[in-house]
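Visitor: Here's a sequence, model it:
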Amino acid sequence: MSTRIIHEKQDLKYLQWSQIRSSSGTAGSFLKATDDLQTPKKYYKLSNYDGINGIIGHECVNELITDRLLNILGIEHLHYDLIHAEITVNDKNIDTYLCKPEDFKKIGENKVALDTFYEAEHLAHETPMEFCIRNGWEKYVYEMLVVDFLILNRDRHGANIEVLRNSEEKTLRLAPIFDHGLSLLFSCHTEEAVEKFDIMQDRPVQCFVGSYYAQQNLQLIPREKMPQLHPLQEKHKAILLEGLDGIIPRYLQEKIWNMIWKRWLYYEDFCNQK
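Guide: Next up, the predicted model:
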């Protein structure tokens, strides 16, 4: 499935936005909305919102870029559309780009956050990583750790991984990898901040099944089980950034590509170490 950018402005002023505080410690809030009038339901997410300045982030663009990256790497994940829309928040009309994730639940499935499921089902002294391996989710977790290193995802807490259960069919699976907004250069809101950002710095992250640093998480993967991914190539830059002119500035696009590319080269070197 290919990702889409819908440039034609959509009238979504009827949506009601609920406020979710940023779990990353950044200023602002993250707003979500559900369109119950459509079947199946449609879900929408905004980038970082400030009550005074409006939309100040570009997390929705990060979702789209990561979606495209995982298409290239061959990793199962949730797909996002990036949509140009007019919305209303706090009685103010806002012209912005938001993202719409697909619904990943199958009929009959119920979802629960991994941390909640772990608390209810783990064995004594069993770590979240050991718990996931016991449940057959080893490949999923290792791929997730690699992805989160490549994009420097700082927010892989236990609710950003979901368990899907079907009681009648007695099936249990993890939802496709989702929620990558707080990654890349999400904290940079000026050209100066983008220029100063160290794209290889191993910054602190939230990771329910790993450590507190994305680079350290690569070392949790056994050598013989490093994910076999389709290689990223320089030609893929055009695919990752296609259609983003006028949505985010060119200097930010270039920095994002340099970040992903250099982190990919680091990952290749890491895999080749003996």
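
Visitor: Count the residues that sit near the closest residue to F149 other than its chain neighbours.
Guide: For F149, ignoring the flanking residues on the chain, the nearest one in space by Cβ to Cβ, 6 or more residues apart in numbering is A214 at 4.5 Å. Just so you know, the C-beta spots here come from the backbone N, C-alpha and C atoms, and that holds for glycine as well. Residues within reach of A214, counting by other Cβ atoms under 10 Å, total 27.

Visitor: mind checking how far A214 is from E130?
Guide: Taking Cβ to Cβ, to the nearest Å as the measure, A214 falls 20 Å from E130.

Visitor: who's in contact with L174?
Guide: Taking Cβ atoms under 8 Å, 6 or more residues apart in numbering, we find L174 in contact with 114, 137, 140, 161-164.

Visitor: Among those, name the ones in helices.
Guide: 114, 140 (DSSP state H).

Visitor: would you list the contacts of L174 in CSV and tack on neighbour count and distance to G54?
Guide: Formatted as CSV, the contacts of L174 follow (neighbours: other Cβ atoms under 10 Å; distance: Cβ to Cβ, whole Å):
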residue, neighbour count, distance to G54
L114, 23, 33
W137, 20, 39
Y140, 21, 37
I161, 26, 31
E162, 20, 30
V163, 21, 36
L164, 18, 35
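
Visitor: circling back: roughly how far apart are the residue nearest to F149 and Y266?
Guide: A214 sits 11 Å away from Y266, going by Cβ to Cβ.

Visitor: pretty sure H7 belongs to a helix, no?
Guide: No - read with DSSP: H, G, I helix; E, B strand; the rest coil, H7 is strand and lies in no helix.

Visitor: So it versus H84, what's the distance?
Guide: Distance, H7 to H84, using Cβ to Cβ: 5 Å.

Visitor: Could you do L64 as well?
Guide: On the measure of Cβ to Cβ, L64 and H84 end up 12 Å apart.

Visitor: what's the overlap in contacts for these two?
Guide: Listed as contacting both L64 and H84 by Cβ under 8 Å, 6+ apart are I5.

Visitor: more neighbours, the two?
Guide: L64 (25 against 17).

Visitor: wait, doesn't the more buried one sit right on I5?
Guide: Yes - contact criterion Cβ atoms under 8 Å: L64 and I5 qualify, at 7.0 Å.

Visitor: list residues touching both of those two?
Guide: Common contact partners of L64 and I5 (Cβ under 8 Å, 6+ apart): 81-82.

Visitor: Skipping its backbone neighbours, what lies nearest the residue nearest the centre of the chain in space?
Guide: The centroid of the chain falls nearest to H180 when counting by Cα atoms, centre = their mean (1.3 Å). Nearest-residue entry for H180: T66, 4.0 Å, with adjacent residues in sequence omitted and distances by Cβ to Cβ, 6+ apart.

Visitor: Pull the contacting residues for that neighbour.
Guide: T66 neighbours (Cβ under 8 Å, 6+ apart): 77, 147, 151, 180, 183-184.

Visitor: quick revisit: out of the contacts of L174, who's nearest P101?
Guide: Taking Cβ to Cβ as the measure, P101 sits nearest to E162 out of those, at 12.1 Å.

Visitor: need the contact list for Q216.
Guide: 202, 210 are the contacts of Q216 under Cβ under 8 Å, 6+ apart.
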